[in-house]
Every structure is written in C-alpha cells, then in structure tokens.
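> Can you look at this prediction? I've put the sequence above it.
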Amino acid sequence: MELKKNSSSITRVVSSYLANTDAPLWGAFLALSVISIITLFGVGGISSAFFGRHVVTIVVAIIVAVGVSFFNYRYLKNYSAPVLAAYFVGIILLLVTLLSPSIRGTRAWILFGGFSLEPSELVKLALIIVMAKYFSQRHTHISLFRHIVASGVYLGIPLVIILAQPDLGSSAVLVAIWLGMLLAAGINKRHLALLLGAGIVVAALAWQFGLAPYQRDRILAFVDPYKDPTGIGYNIIQSKIAIGSGGWFGKGLGQGTQASLGFLPEAYNDFAFAALAEQFGLVGVAVILTLIIILLMRIMSIAQRSENNFAKLCCLGITLFIGTHVFVNASVNLGILPITGLPFSFLSYGGSHWLALGIGIGIVQGIKRHGSSL
C-alpha cells in the first residue's frame, strides 16, 4: 500500500512538472538523443572507445536540462552580476585554452585527467544571455550606432581569442548569434549595410593575411575536392560517398561501410550526419531534420508567448545556436560549405556541446515553467 502511495505521488509530481514545461520540446530532445546513440552505435559498436562516454554525456545533458529548468530565469533578467560573471568566467577559460596542447592544429580544449572541456561552447551561451540582457534594456534606442558598437565589444573579446586558437567554425557561430539577435532587436538598415560591408573587407583581409595554411586548404578543397582526392579533398569526398550510398532507406544499422570501416573520418563527430545518412538513408535524414525543426519551432513558440524581450531574445539566441550548428555541419557534410569542425547538434559526439545544449534547453524550459511576466 505504501509503495503504491509513493508511486502515485511521484506520478503526480512528474505530471505537474510536465504540465508546466513544454512536453513536445522534451519529446524532441529525447528522441534526438536516442537517434544519436543509435547512430554512433552503428559507427563503432558498444565496445568502441567513445560510445560509452557518449551515452553518459547524453544522460548528463538531460539531467542538466531538467535541473536548469528549475532555475528562475528572472535572476538573469533582473540582475547583471550573474550574467557578467558567467561571461567573464567564459573569457578566462578561453584564455586558458591558448596555453593548452594543440589538437588537430587548434588549441580549443582544456585538458584535465581523461576529460576535456571546450569553453567556446559555453561562451556561446554566455554571449546569448549577455546580448539578450543588453538589447532588451535598450530596444527603444537600438538604432543608435553606439549600442551596436558596445554589443560588438561583448562579441569581439571572445571572438578574438577563438580566432587565435584558431577555430573559425565557433567564430562563425558567435557572429551569427550576435547578428541574428541584433536584427531581432531592430538594427537600422543603414547600419546593417555598413556592418555587412565591413564584414566583406575583414573576410578579404583574413584570407590574405589571417588564415593558416590548413584553413586555406579546407576552403580550396570545398571548391574542388577532386583536385587532391587523397589529401585535402579526402574528407568531403568520403562524406559525399557515404551520403549517396545510403539511398532512400540506408544500408542498415552498423552496415555503413564508409563509417564502420574507417573510410569516413570523424564519423562520430564532424561527419556524424554522413554516418546517419549512410546507415538510414534519406528517410533517416528526414526524421532527424524534422525533429530538429519541431524542437526549434517549440523554442520559438515559447519565445512568442513570452511577455518580455529578455525571454524572447534568449529563446531566439538558443535557436540560432542550434540552427547554425545544424545548418553548417549538414552543409559541410554535403560539400556545400568548407570544413569547419562544428558538431551537428543533438547528433555528434562531444561533451562540451551536449552540456551547452542541455543548459540551453533547460533555460528555455525554465522560461516556459516560470512564466514570462516581469
């Protein structure tokens, strides 16, 4: 009798919690997590070095998301200290990476014991919160150019450090988040044109003086991968072969020869999308993209129902964070964009990115759970 009573109480608590959060968002999050586990199992099996850690990472991300959803986001909206603290802690962690060993030509991780942390993933979230707070407090004056410059300083500090690692992919995500939130806040069209013009000039100078040789090689490989099919073009060619060989329904779980036999590089991370397509075909790709779209639509639905600009902008920033990763990674796998090293959100292996996803989903659920009133 006591056991039945306790079980009934737990059911009521869970039902009450789900009623105050967005159940479809949770459903999409969990479904994507399961697909990620299945896809990576098909790449290397249960005995692979990364599979067990990936499962643990996803479980931790889900727990973090639930835990963060209990946090009242109004503390971030109403108080500057925790927002600035998170931002500057992220900056300090980024600076520490410059002292860390280089991995594949990039100093983007802090290594400790058998674990690693990629601070840029957490800095992306910190920038979202900083921008949401800054723009929500000045939305009536955002047309003034000084506010664009001030917000650009918040972007510029982590951007310079990440470019020094160098990590062009994460740099692009930071710029996309800033520019997207700036557009939503109501930037003047003349100022937007000025920013785009400056961006073109900076890109041209970066190509001439700022890019490392391997970064130029990646761009050249994107333009013509068959010019060096066994060198700089190898990754893109193998990705296209994997995706094309999947056909409509794929080769089956664990039957993807490109991924499981090692022809497809980074099949568990950078090219997890290609590994998914090889195993489950166009149907599998359609399923995961549909779930991503549902998840992003639920986030924007929560944003639309929010009554203050801070909550709206936070949700928008998290949508940009996820959407940019998905778009860029899928485009890289299809050979539409140069290789960047960005993971595919909710699919690729990577503890730091999954942790950031868990925090982001938790923040959105917290906005839904705690309401959006002042």
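Done, it's in.

> pLDDT below threshold where in the stretch 151-300 of the chain?
Applying pLDDT under 70 to the stretch 151-300 of the chain flags residues 191, 203-224.

> now swap in the stretch 1-150 of the chain and tell me
Within the stretch 1-150 of the chain, the stretches with pLDDT under 70 are 1-9, 13, 139-143.

> try 50
For the stretch 1-150 of the chain, not a single residue meets the criterion pLDDT under 50.

> hey, where'd the strands end up in it?
Here the stretch 1-150 of the chain has its strands, by DSSP state E, counting those that start in this stretch, at 110-112, 115-117.

> Show me the helices in the stretch 251-374 of the chain, by range?
For the stretch 251-374 of the chain, the helices defined by DSSP state H, counting those that start in this stretch occupy 257-260, 272-305, 309-334, 351-370.

> any chance of the ones you listed in JSON lines, with distance to Phe145 and mean neighbour count too?
All C-beta atoms are positioned from the backbone trio N, CA, C, and that covers glycine. Below are the helices of the stretch 251-374 of the chain laid out as JSON lines (distance: least, C-beta to C-beta, whole Å; neighbours: other C-beta atoms under 10 Å):
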{"stretch": "helix 257-260", "distance to Phe145": "49", "mean neighbour count": "22"}
{"stretch": "helix 272-305", "distance to Phe145": "27", "mean neighbour count": "21"}
{"stretch": "helix 309-334", "distance to Phe145": "20", "mean neighbour count": "23"}
{"stretch": "helix 351-370", "distance to Phe145": "30", "mean neighbour count": "24"}
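
> Out of those, the one nearest Phe71 is which?
With distances scored as C-beta to C-beta, the stretch of these nearest to Phe71 is helix 351-370 (5.3 Å).

> What helices and strands are in contact with the closest one?
When contacts are defined as 3 or more C-beta pairs under 8 Å, 6 or more residues apart in numbering; DSSP states H and E, helix 351-370 packs onto helix 23-44, helix 51-69, strand 115-117, helix 119-137, helix 272-305, helix 309-334.

> change it to 6 Å
Counting contacts by 3 or more C-beta pairs under 6 Å, 6 or more residues apart in numbering; DSSP states H and E, helix 351-370 packs against helix 51-69, helix 119-137, helix 272-305, helix 309-334.

> Please consider this matter closed, and thank you.
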